[in-house]
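Chemist: Sequence isn't available, so here's the structure alone:
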Ligand code: DGY
């Protein structure tokens, strides 16, 4: 039986599956392992089932024992893992695509609604019993007819587009390449981010974090947005230059933000906290029972497939 380090707690059903499939080394206190601890705990293991909370950079990967052959990440994103370093060490890296598309797109839509319709202020007013209905109370931005710019029209971006379109939004997107007509589903392609930004009444960041996308939403690009645009991010915090976005909120260049992900999670830039127009969530993208179960099961299946066949369809390096 292969010995697998499972760095964070999984849902019960998945831990049961893992104990049948492997000699599993669980983290029963769900402690946040440091890089040093991951290296220590993986001694004698054949693989690691990791989470986005572990930063497996080149230095950490190079110190993993020779016996580690696979890192199966419990997430679709893998910006926490240095893929090249893993490849050099002959370690296969896998992710959990598809199974979290719907849940993450739901949160993507929630961010758009929450930011456009002034949900943080509404919740505060209702809880404080400090409100009265009036024709102009908490007037927000209507989605019907507004242009939604999707940065990264992968599976999650496409699902957000379908729902947003049904709400009457007009969909634009920027991707490395133009999609086929069926995937595009009537959306307008922009071959540059600046062109997309210039038509985005609402921007939805859905692209993966990579060397190319770090701080892509920066001061220069934000200037291309129409005045009073809304910026949402359901992907990764690393894609946004927080100081630039906070400055844009301050100047009212940006009307509101909807954020589920941050640089340096679980911390977030305190600059956001002073804005009532910041609708902020604690990385809930894939947090439903169905999805977290499917992700855990897939992360386990990826390891089993790899040891059975020497490869895996969800390999990313
Ligand atoms: C992912 O899979 O990348 C999600 O952010 C996890 O919640």
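Modeler: Arrived safely. Since we're looking at a predicted model, the values are computed, not measured.
Chemist: residues touching the residue in the stretch 201-317 of the chain positioned nearest to the ligand, list them.
Modeler: For the stretch 201-317 of the chain and the ligand, the shortest gap (Cβ to the nearest ligand atom) falls at residue 286, measuring 3.7 Å. Placement of C-beta: from N, CA and C, glycine included. Counting by Cβ atoms under 8 Å, 6 or more residues apart in numbering, residue 286 touches 75, 76, 100, 103, 104, 292, 295.
Chemist: Pretty sure residue 114 sits in a helix.
Modeler: Yes - under DSSP: H, G, I helix; E, B strand; the rest coil, residue 114 sits within a helix.
Chemist: and the single longest helix found in the chain, what does it pack onto?
Modeler: In terms of residue count, the longest helix belonging to the chain (DSSP state H) is helix 289-309. In terms of contacts (3 or more Cβ pairs under 8 Å, 6 or more residues apart in numbering; DSSP states H and E), helix 289-309 is packed against helix 12-21, strand 47-50, strand 70-73, strand 92-94, helix 101-116.
Chemist: For the ligand, which of these is the nearest?
Modeler: Between the ligand and those, the shortest gap by Cβ to the nearest ligand atom is with helix 101-116, which sits at 6.3 Å.
Chemist: mean confidence for the closest one?
Modeler: Mean pLDDT, computed over helix 101-116, is 98.
Chemist: Same question for stretch 307-317.
Modeler: Stretch 307-317 shows a mean pLDDT of 97.
Chemist: now swap in stretch 24-33 and tell me
Modeler: 97.
Chemist: ok, and for it, which residues are buried?
Modeler: 24, 25, 26, 27, 33 (16 or more other Cβ atoms under 10 Å).
Chemist: again with stretch 112-131
Modeler: Neighbour-count burial for stretch 112-131 [16+ other Cβ under 10 Å]: 112, 113, 114, 115, 116, 117, 118, 119, 120, 121, 125.
Chemist: Stretch 90-102 too?
Modeler: 91, 92, 93, 94, 95, 96, 97, 99, 100, 101, 102.
Chemist: How about residues contacting that stretch?
Modeler: Applying Cβ under 8 Å, 6+ apart, the contact partners of stretch 90-102 are 61, 64, 68-78, 81, 83, 86, 155-156, 159, 285-286, 291, 294-295, 298-299, 302-303, 306, 311-312, 314-317.
Chemist: Can you flag the buried ones in those?
Modeler: 61, 64, 68-78, 81, 83, 86, 155-156, 159, 285-286, 291, 294-295, 298-299, 302-303, 306, 312, 314, 316-317.
Chemist: Spell out which residues of the stretch 151-300 of the chain are next to the ligand.
Modeler: 285, 286 (Cβ under 6 Å from any ligand atom).
Chemist: one more time with 8 Å
Modeler: 235, 236, 261, 283, 284, 285, 286, 287, 295 (Cβ under 8 Å from any ligand atom).
Chemist: Keep only those of those that are in strands.
Modeler: Among these, no residue falls in strands (DSSP state E).
Chemist: pLDDT added to those, as JSON lines?
Modeler: Formatted as JSON lines, these follow (pLDDT from 0 to 100):
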{"residue": "235", "pLDDT": "98"}
{"residue": "236", "pLDDT": "97"}
{"residue": "261", "pLDDT": "98"}
{"residue": "283", "pLDDT": "98"}
{"residue": "284", "pLDDT": "98"}
{"residue": "285", "pLDDT": "98"}
{"residue": "286", "pLDDT": "98"}
{"residue": "287", "pLDDT": "98"}
{"residue": "295", "pLDDT": "98"}
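Chemist: ok, of the residues you listed, which one's closest to residue 41?
Modeler: Among those, residue 295 lies closest to residue 41 (Cβ to Cβ), at 21.2 Å.
Chemist: Look at the closest residue to the closest one other than its chain neighbours and give its secondary structure.
Modeler: Counting by Cβ to Cβ, 6 or more residues apart in numbering, residue 96 is the residue found nearest to residue 295 once chain neighbours are left out, at 4.5 Å. The three-state label given to residue 96 by three-state DSSP is coil.
Chemist: Distance of residue 96 relative to the ligand?
Modeler: Per Cβ to the nearest ligand atom, to the nearest Å, residue 96 is found 6 Å from the ligand.
Chemist: Same question for residue 117.
Modeler: 24 Å.
Chemist: Show me the domain layout of this protein.
Modeler: With domains defined by automatic domain parsing, the chain comprises 3-99+288-309, 101-280.
Chemist: gap between the shortest one and the chain center?
Modeler: Okay, so that is domain 3-99+288-309. 18 Å (Cα atoms, centre = their mean, to the nearest Å).
Chemist: Residue 232 in helix, strand or coil?
Modeler: Under three-state DSSP, residue 232 falls in the strand class.
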